[in-house]
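Peer 1: Next input, structure requested:
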Amino acid sequence: MTDFTIHTIDSAPEAAKPMLEDSIASFGMLPNLHGVMAEAPLVLQSYKDLHANALNTSFTAEELTVVWQTANVEHGCHYCVPAHTGIAKSMKVADDISEALRNKTPLPEKLEVLRDTVKAIIIERGNPDTLQLSAFFESGYTKQQLLEIILILAQKVMSNYINHLAHTPVDKAFAKYEWQPA
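Peer 2: Below is the predicted model of the structure:
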């Protein structure tokens with residue numbers, strides 16, 4: 001197993017320090033994931049850029065949470081599921097939506113189609129079948145949103161896989177939302 005440092009502003013490479021300061025300003029704390037990513041400042045910057053872009057997609061807060069958490073759950077990310085449960089709360093997403101995503105229980109119909117599409121993209125490595133795509137578009141989603149899912153999945157692959165490699169401990173702020181894959 002490889003041990004990763006969870007950098008602080010003091011221990012981080014110079015190029016990462018301003019980004020960590022920005023994380024503290026944004027979150028009121030330094031997320032452990034950002035501390036791990038600071039080892040490679042370009043990775044941290046890329047992740048932060050993808051996160052900002054995800055927030056600027058055409059998805060609502062609920063839909064964005066569905067995409068994020070579907071990826072987190074499918075990838076079995078012990079860190080991101082609790083973190084995005086807390087983030088969903090801060091975005092005023094209903095608790096029943098977060099619980100359905102965490103526990104793989106039914107969502108309202110349109111959100112369920114979105115979850116199924118995200119899962120199909122992940123499981124089929126970018127090749128969902130035509131029935132799934134038809135359901136996605138018939139639910140009112142657009143080609144733009146199909147491409148935006150890929151942008152969000154790029155962000156989630158970075159965080160989910162890095163958390164697997166680093167065994168990143170869940171931040172105290174999100175510990176009450178602890179989650180383990182079934």
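
Peer 1: so Gln132 sits right up against Arg115, yeah?
Peer 2: No - counting by Cβ atoms under 8 Å, Gln132 does not reach Arg115; the two are 11.1 Å apart. Where you see a C-beta, it was placed from the backbone N, CA and C, and this is true even at glycine.

Peer 1: Looking at those two, which is more packed in?
Peer 2: Under the neighbour definition other Cβ atoms under 10 Å, Gln132 and Arg115 were set side by side, and Arg115 has more, 22 against 17.

Peer 1: The closest residue to the more buried one other than its chain neighbours - how many residues pack around it?
Peer 2: In this structure, Arg115 finds its nearest non-sequential neighbour in Thr70, 4.9 Å apart by Cβ to Cβ, 6 or more residues apart in numbering. Thr70 has 26 neighbouring residues, counting by other Cβ under 10 Å.

Peer 1: CA atoms only: put the helix or strand Thr70 falls within into PDB for me.
Peer 2: Applying DSSP states H and E as the criterion places Thr70 in helix 61-74. Listed next in PDB are the C-alpha coordinates belonging to helix 61-74 (Å, rounded to 0.1, in the frame of the first residue of the first chain):
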ATOM      1  CA  ALA A  61     -29.000  21.000  -7.700                       C
ATOM      2  CA  GLU A  62     -31.100  17.700  -7.500                       C
ATOM      3  CA  GLU A  63     -29.900  16.500 -10.900                       C
ATOM      4  CA  LEU A  64     -26.300  17.400 -10.200                       C
ATOM      5  CA  THR A  65     -26.500  15.500  -6.900                       C
ATOM      6  CA  VAL A  66     -27.900  12.500  -8.800                       C
ATOM      7  CA  VAL A  67     -25.000  12.500 -11.300                       C
ATOM      8  CA  TRP A  68     -22.400  13.000  -8.500                       C
ATOM      9  CA  GLN A  69     -23.800  10.400  -6.100                       C
ATOM     10  CA  THR A  70     -24.600   7.800  -8.800                       C
ATOM     11  CA  ALA A  71     -20.900   7.900  -9.700                       C
ATOM     12  CA  ASN A  72     -19.800   7.900  -6.100                       C
ATOM     13  CA  VAL A  73     -22.000   4.900  -5.200                       C
ATOM     14  CA  GLU A  74     -21.200   2.900  -8.400                       C
END
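
Peer 1: which element follows it toward the C-terminus?
Peer 2: Note on helix 61-74: by DSSP H and E, the next helix or strand toward the C-terminus is helix 80-90.

Peer 1: buried ones in that following helix?
Peer 2: Under the neighbour-count criterion of 16 or more other Cβ atoms under 10 Å, helix 80-90 has 80-88 buried.

Peer 1: Over to stretch 14-28?
Peer 2: In stretch 14-28, counting by 16+ other Cβ under 10 Å, buried: 16-17, 19-20, 23, 27.
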